[in-house]
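# okay, predicted coordinates and the sequence, questions at the end:
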Amino acid sequence: MDRIVNGIARGVFVFLYIPIVAVIVYSFNAAGTNTRFDGLTLQWYVELFQDASLMQTLRTSALVAVITATVATIIGIMFALGLARYRGRGRGALMALIALPLIVPEIVLGVALLSVFSTTKMPLGILTLVLGHLIVSLPLATLVLMSSAAMLDPSLPEAATDLGCTPWQTFTRVYFPLLRPAVVAAWLLSFTTSFSNIVMSTFLSGVGSTTLPLKIYSSLKTGLTPSINALGALLILLTLVIVLLVGVSQMRRILVESRT
Amino acid sequence: MKKLIVASVGVVAALALSSCSGTGGDAGPSTELNVYAWADEIPQTVFDAFTEETGIAVNVDNFDSNETMISKLAAGNSGYDIVEPSQYAVQQLVGQELLEPLDKSKIEGIDNLAPKFADPSYDPGLQYSVPWVWGTTGLLYNATCTGGEEITSWTSLFDPKWKGKINMLDNMLAAYIAGLQVNGYGADSTDEAEIAKATESLIEQKPLLSGYNSTNYGELVASGDVCISEAWGGTSTAKIVEQNPDVHYVLPEEGGSLWVDGLSIAKGAPHQDAAYEFINFLLRPEIAAMATNDGGLASANAAAQEHVTDQGLLSNAAVYASDEQVANADFIVDPGKAMRFYQDGWTRVKAS
Amino acid sequence: MTATTRAIHLGRQEKPKRGSLLLLIPGIASVVLLGVLPLFIVARNSFAVADDYGGITDGLTLENYAKLLDPVYSKTLLFSLGLGLLNTVVCLVIGYLTSYYIVSRPTNRQGFLLLLVIIPFWTDFLVRTFAWITILGSGGPIAGILGIFGIAGFSVIPSNLAVVLGLLYSFLPTAIFPIYASMRSIDPSLKEAATDLGASWWGVHRRVILPLSSPGILGAALLTFIPTMGVFVIPVLLGGGKDPLVGNLIVTLYTEFRNQPMGAAVSMVLLVLMLASMALVGLALKRSSTKRTTTKKTEA
């Protein structure tokens, strides 16, 4: 029976990489369309780097995702630590509150936020994008951190205080090292959520702040260019470079620990 | 661990920071212009030429639907100068007072426009918009798939013979063009009974459909997954037709319809001088021709036609449909109060 | 306990409490300002009247909700709930088996396997979806290979099968992660003990692993089921858009129909349904945990 399960699981990993392999293969396709394969070319990579507006949207997405992920992780750490130490009534309600944005369809939240920003006369741009992405990634980041924070020994802060640590020292020397794997996982999850967001961005982007997924989505009308495949392939490459840079072993440790 | 954060933050932050160089910092009035347009309908070459000649830096953002653009403008404070609404969206924007009336004394070259766009029903006297590119809604079919049979009428979209091989545009007003015209009504009908009849036809049609798709229907027709599709003429359709000798684009004998995407100035545009300069620049015949040469779309500018490098496009129905082909075509305009009949009908079609 | 020690004790207990409240403030403030406040606007709008140009008038009406009683809406809702349930079950079964596989690997390989699960999601969603269209369409590799063997005309684009496949792909990681997390905390000796006592593979899972990983499974169920309701691109691109989901309905109402009040009403109904399902899962969790403690007590 375990052998069957192993077979199924390996199949799942293959399944996850099928479209990724296709994206990479078709990024070298000489035919201008995905419906045929006409031999190999590097043309789409050349076009990609010449496409200034596409590269600009990539930068916008990266900027927004970095800020969003960082802010979401910081707020998430605070909330998770606070909740782990909170023994009063309404813990369940607090958890439900932080998860609330998960159960509202994004378009509803996006349109509603747009009207909030317009009544407060906040100009649309990077800031509104970050706020919009924050509200969809904060619940995910917090939930990841909460599972880790709940495992911490409740007597830790007392011990630290007895040893003469200030609250800040308690955090940097005691909590943060213990939470580090979860912090990385939460950051990556928020980064991915923001980086790939379409719906919130549709309503909350402003002059000069078109994100990459928005650009791709709006070019659907004229047809996706093969350069988009090239960009997809390059982003996978970038991911692999980061993974190798950090060292697979470290990454393993981070993820294993963060999920306990 | 630290390495990971430094590495990943470093890579993205480097990417991110360089984005600041994109927008000019110390912008005085009219050294900048913010454009909100359909992706690729105003080719990058046009923006480059404009910046080179005037020194005005252009920020371009794209939208994926008129509705997205309208909701952005309706929120106010958008910061855009030039927007590119389709014909019915012009009416909706005017209705919500989201456009500046155009000061004709500041516009040069409006006489270059083709006569059929000089005084359109959706914007009489071109008070709010200057037509830029246009196209049609018609039929795209794969002749191999139909066994050589020529498709000339909307009725084919309702013919059980092609069951499972028909695609309709996933757009309410577009679907009703076929639904109304196949019954002999105008595509701009506001009559409740006519719209109800069209709804019935569309509900009857649904089991015959492969699907509703308005994004990659061209590729579906090219690959033969779909034999006949309702289609928008324009860049992607022209590309599909050009690459696949078996694929043809025709306007149906019932008429089909016309769409126009034009240039308008958003209410409270921060750089109005630059906006007028941009409109005038785009009205020049040689610039307007770039919409065809670099964008693969039909220009609304009649004087531009002699500057089109590939004169074959002027007789290609997927790009420039001829005057006689579009003689019966209707402009899809905002149905106003009749919108409710369309919406109720379309909801029923989708849920059936 | 003397008065002084009690005072110290109380002081200790209260100090972290106040501190923890301060820590909660940024999170609460973000959700209230960016989540709850907009939701109030949505709730208000669901009772408003749309004007001809997509704006909202000040009127107050129940008409938007009354309209939802029309069978056309319940049909879409039921179809979405059905598809959501199907997707949740498929994701849970495959997610459970995959998590079990990952947990049975050596500890130092587990992180790498988890990383393998998320990397595909760092490519753009549309790019991935179009890749699936190419693969499953008639011009793709599957059709090509089948063609060599004389099987012509393969294509599952568009179809509901493709939608299920696309949904499974999108939600698999969200199912795997929580299940993996709770499976990992199961003491491996429990499994060994059960096996030694002669329990079959199925018995080990039914009596040991499945019940002990139920919090993760329920969490995965929520994280899969709820977001499936809001999906709207997959049904159009992979499914042909003939069977719209609630997500499509809301998007159509908000954009094409420019009928925000109606869209808001649909959202509110969906919100209540989701909150109810969350409460149900919460209740189930509570019951299973009390059950477990009572069994433990009886055993003891």
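Arrived safely, thanks for sending.
# so in that sheet, which strands flank the helix or strand encompassing B:Thr137, and in what orientation?
Secondary structure assigned from DSSP states H and E places B:Thr137 in strand B:130-142. Taking DSSP bridges as the criterion, strand B:130-142 sits next to strand B:228-232 (antiparallel), strand B:247-250 (antiparallel), strand B:257-265 (antiparallel), strand B:298-299 (antiparallel) in its sheet.
# and it, how far out from the chain middle?
On the basis of Cα atoms, centre = their mean, to the nearest Å, the separation between the geometric centre of strand B:130-142 and that of its chain is 8 Å.
# deepest-packed of the strands paired with strand B:130-142, please.
Of all the strands paired with strand B:130-142, strand B:298-299 has the most neighbours on average by mean count of other Cβ atoms under 10 Å in any protein chain shown, namely a mean of 28. The C-beta positions use only the backbone N, C-alpha and C, and glycine is treated the same way.
# quick one: residues in contact with that one.
By Cβ atoms under 8 Å, 6 or more residues apart in numbering or on different chains, the residues outside strand B:298-299 that reach it are B:132-135, B:233-234, B:288-289, B:291-292, B:305, B:308, B:319-321.
# relative to A:Pro157, which of the strands paired with strand B:130-142 is closest?
strand B:257-265 (60.3 Å; Cβ to Cβ).
# got the CA positions of the closest one in PDB?
What follows is strand B:257-265 as a C-alpha-only set of coordinates in PDB (Å, rounded to 0.1, in the frame of the first residue of the first chain):
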ATOM      1  CA  SER B 257     -20.900  45.700 -35.800                       C
ATOM      2  CA  LEU B 258     -18.300  48.400 -35.600                       C
ATOM      3  CA  TRP B 259     -16.200  49.300 -32.500                       C
ATOM      4  CA  VAL B 260     -14.100  52.400 -32.100                       C
ATOM      5  CA  ASP B 261     -11.500  53.100 -29.500                       C
ATOM      6  CA  GLY B 262     -10.800  56.900 -29.200                       C
ATOM      7  CA  LEU B 263      -8.800  59.400 -27.300                       C
ATOM      8  CA  SER B 264     -10.500  61.400 -24.500                       C
ATOM      9  CA  ILE B 265      -9.200  63.800 -21.800                       C
END
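# after it, which helix or strand is next?
helix B:272-283.
# for that following helix, which helices and strands make contact with it?
For helix B:272-283, the helices and strands in contact under the criterion 3 or more Cβ pairs under 8 Å, 6 or more residues apart in numbering or on different chains; DSSP states H and E are strand B:32-38, helix B:44-54, strand B:82-83, strand B:130-142, strand B:257-265.
# which other residues reach that helix?
The contact list for helix B:272-283, computed with Cβ under 8 Å, 6+ apart, reads B:29-33, B:35, B:42, B:46, B:49-50, B:53-54, B:56, B:58, B:81-82, B:100, B:102-103, B:106-110, B:112-113, B:130, B:132, B:263, B:265, B:269, B:287-288, B:301.
# right, and C:Leu275 touches A:Ile103 too?
Yes. C:Leu275 is within contact range of A:Ile103, at 6.9 Å (criterion: Cβ atoms under 8 Å).
# give the bridge partners for the residue nearest to the spatial centre of chain B, please.
In chain B, the residue lying closest to the centroid (Cα atoms, centre = their mean) is B:Asp261, at 5.5 Å. Beta-bridge partners for B:Asp261, by DSSP bridges, are B:Ser86, B:Val133.
# buried ones in stretch B:315-328?
Neighbour-count burial for stretch B:315-328, with 16 or more other Cβ atoms under 10 Å in any protein chain shown as criterion, is recorded at B:Asn316, B:Ala317, B:Ala318, B:Val319, B:Tyr320, B:Ala321, B:Gln325, B:Val326, B:Asn328.
# what about that stretch, near chain A?
No. Applying Cβ under 8 Å from any Cβ of the partner chain, one finds stretch B:315-328 separated from chain A by no less than 13.1 Å.
# what does that stretch contact?
Stretch B:315-328 is touched from outside by B:116, B:135-136, B:138, B:233-234, B:237-238, B:241, B:249-251, B:254-256, B:258, B:292, B:296-298, B:313-314, B:329, with contacts defined as Cβ under 8 Å, 6+ apart.
# buried ones among these?
When neighbours are counted using 16+ other Cβ under 10 Å, the contacts of stretch B:315-328 contain these buried positions: B:116, B:135-136, B:138, B:233-234, B:237-238, B:241, B:249-251, B:254-256, B:258, B:292, B:296-298, B:313, B:329.
# hey, where'd the helices end up in chain B?
Here chain B has its helices, by DSSP state H, at B:2-17, B:44-54, B:66-74, B:87-95, B:172-181, B:192-205, B:217-223, B:235-243, B:272-283, B:285-288, B:290-293, B:339-351.
# mind putting the ones you listed into CSV with distance to A:Thr239 and mean pLDDT?
Listed next are these as CSV, based on distance: least, Cβ to Cβ, whole Å; pLDDT from 0 to 100:
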stretch, distance to A:Thr239, mean pLDDT
helix B:2-17, 10, 43
helix B:44-54, 29, 95
helix B:66-74, 30, 90
helix B:87-95, 39, 93
helix B:172-181, 39, 95
helix B:192-205, 45, 97
helix B:217-223, 28, 89
helix B:235-243, 30, 88
helix B:272-283, 40, 96
helix B:285-288, 42, 96
helix B:290-293, 38, 94
helix B:339-351, 38, 91
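# what number of residues lie near C:Thr88?
Counted with other Cβ atoms under 10 Å in any protein chain shown, the burial measure for C:Thr88 works out to 22 neighbours.
# which strand residues bridge the closest residue to chain C within the stretch 151-300 of chain B?
Closest to chain C within the stretch 151-300 of chain B is B:Gly211: 2.1 Å, counting by Cβ to the nearest Cβ. B:Gly211 forms beta bridges with B:Asn167, as assigned by DSSP bridges.
# which residues does it contact?
B:Asn167, B:Met168, C:Pro158, C:Gly239, C:Gly240, C:Gly241, C:Lys242.
# mind giving me JSON lines with those and columns for pLDDT, distance to B:Ala198 and secondary structure?
Written out in JSON lines, the entries for the contacts of B:Gly211 read as follows (pLDDT from 0 to 100; distance: Cβ to Cβ, whole Å; DSSP: H, G, I helix; E, B strand; the rest coil):
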{"residue": "B:Asn167", "pLDDT": "96", "distance to B:Ala198": "18", "secondary structure": "strand"}
{"residue": "B:Met168", "pLDDT": "96", "distance to B:Ala198": "12", "secondary structure": "strand"}
{"residue": "C:Pro158", "pLDDT": "85", "distance to B:Ala198": "24", "secondary structure": "coil"}
{"residue": "C:Gly239", "pLDDT": "90", "distance to B:Ala198": "24", "secondary structure": "coil"}
{"residue": "C:Gly240", "pLDDT": "89", "distance to B:Ala198": "21", "secondary structure": "coil"}
{"residue": "C:Gly241", "pLDDT": "88", "distance to B:Ala198": "19", "secondary structure": "coil"}
{"residue": "C:Lys242", "pLDDT": "89", "distance to B:Ala198": "18", "secondary structure": "coil"}
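# nearest to chain A among those residues?
For chain A, the nearest member of the contacts of B:Gly211 is C:Gly241. The distance, counting by Cβ to the nearest Cβ, is 13.8 Å.
# out of the contacts of helix B:272-283, which are buried?
Neighbour counting with 16+ other Cβ under 10 Å marks B:30, B:32-33, B:35, B:42, B:46, B:49-50, B:54, B:56, B:58, B:81-82, B:100, B:102, B:109-110, B:112-113, B:130, B:132, B:263, B:265, B:269, B:287-288, B:301 as buried within the contacts of helix B:272-283.
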